[in-house]
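J.: Give the three-dimensional model of this entry:
(2 chains)
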Amino acid sequence: MAKDDFDPHALLETLERQRVTYIVVGGLGRVIHGSDELTDGLDIVPSTRDENLRRLGLALEELNARRSDGKTPALERDLAREPVLELQTDAGELKIVPEPAGTRGYDDLRRRAMAQPLGRGLRPSVASLDDHARMLAALGREHDRQPLLTLQRLIELDRGISRGIEL
Amino acid sequence: MRAGLSQVELSQRSGKDRAQIARWERDVVVPSLETLRELLRACGFDLELTLVPYEEDRKQDARLQKALERTPQERLQAMLRARGR
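T.: Predicted coordinates:
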């Protein structure tokens, strides 16, 4: 699978078709909020309820998802072992992150996530700008410094001076 | 978040009203610097402030402002076009 074949609409359409409940995070989520970076994959935080994981498993089958070792993912087993499940699919990279750094997972992010229209009738829930900044800050990685500064500036530009500071 | 405290626990430790903590969490208002420091200390952390040079990046601001004026769909399309270059 070449990185040039990344097709976020195809990934999202499959998740929607299988009625998976999830929130978009990571580079693509930041781009949707206005960050000027490039990304090669889709990162999602799924609800970890049994029925949802079953639906996610069906979506992964449909996308012909493979782990880095070429094996078919076994969701519950893999998610119990790894904090991030990195997969290659027919529509590009897909990362499944049940509990991103600095968060308590789906239920935590859901409260501030918003449905974002992306065309082809897709309106996935995308984590808020603040939560994206929170996740990057919690990771504390040097290469995330610039994306984090960009997010912080986006937050400032987006809000202008509309928010009050308590005295 | 790093201290793993609930709003009630943070309220008990800091002496601040739980409803007020909820307002800070919801980003309705932001606490003053002094209050933020009190909250962090109640969690076992402290805030270290360091002066660093700052230079406004007008070009980046213009790019980001333009991105904010686009729809989410347009932002995604712009990124996919840029990847193809």
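J.: Around chain B, which positions in chain A sit nearby?
T.: Contacts of chain A with chain B, taken as CB under 8 Å from any CB of the partner chain, map to A:4, A:6, A:8, A:28, A:31-40, A:102-103, A:116-119, A:126, A:130, A:134, A:138, A:150, A:153-154, A:157-158, A:163-167. Where you see a C-beta, it was placed from the backbone N, CA and C, and this is true even at glycine.
J.: Repeat the analysis, applying 6 Å as the threshold.
T.: Proximity of chain A to chain B, by CB under 6 Å from any CB of the partner chain, involves residues A:31-32, A:34, A:36, A:38, A:102, A:116-119, A:154, A:157, A:164-166.
J.: Can you give the distance of the longest helix along chain A from its chain's centre?
T.: The single longest helix within chain A, with elements called by DSSP state H, is helix A:145-159. Offset of helix A:145-159 from its chain centre (CA atoms, centre = their mean, to the nearest Å): 18 Å.
J.: Give me the residues contacting it.
T.: By CB atoms under 6 Å, 6 or more residues apart in numbering or on different chains, the list of residues contacting helix A:145-159 from outside reads A:Gly34, A:Ser35, A:Glu37, A:Leu129, A:His132, A:Ala133, A:Leu136, B:Leu64, B:Gln65.
J.: make it 10 Å
T.: Outside helix A:145-159, the residues within contact range by CB atoms under 10 Å, 6 or more residues apart in numbering or on different chains are A:26-27, A:30, A:33-37, A:128-130, A:132-137, A:139-141, A:144, A:163, B:27, B:56-57, B:60-61, B:63-65, B:67-68.
J.: for that helix, which positions count as buried?
T.: By 16 or more other CB atoms under 10 Å in any protein chain shown, the buried positions in helix A:145-159 come out as A:Pro147, A:Leu148, A:Thr150, A:Leu151, A:Arg153, A:Leu154, A:Ile155.
J.: In PyMOL, select just the buried ones from the residues of chain A next to chain B.
T.: Those of these that count as buried under 16+ other CB under 10 Å are selected in PyMOL with:
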select buried, chain A and resi 31+32+34+36+102+116+118+154
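J.: returning to that earlier point: out of the contacts of helix A:145-159, which are inside helices?
T.: A:26-27, A:30, A:33, A:129-130, A:132-137, A:139, B:60-61, B:63-65, B:67-68.
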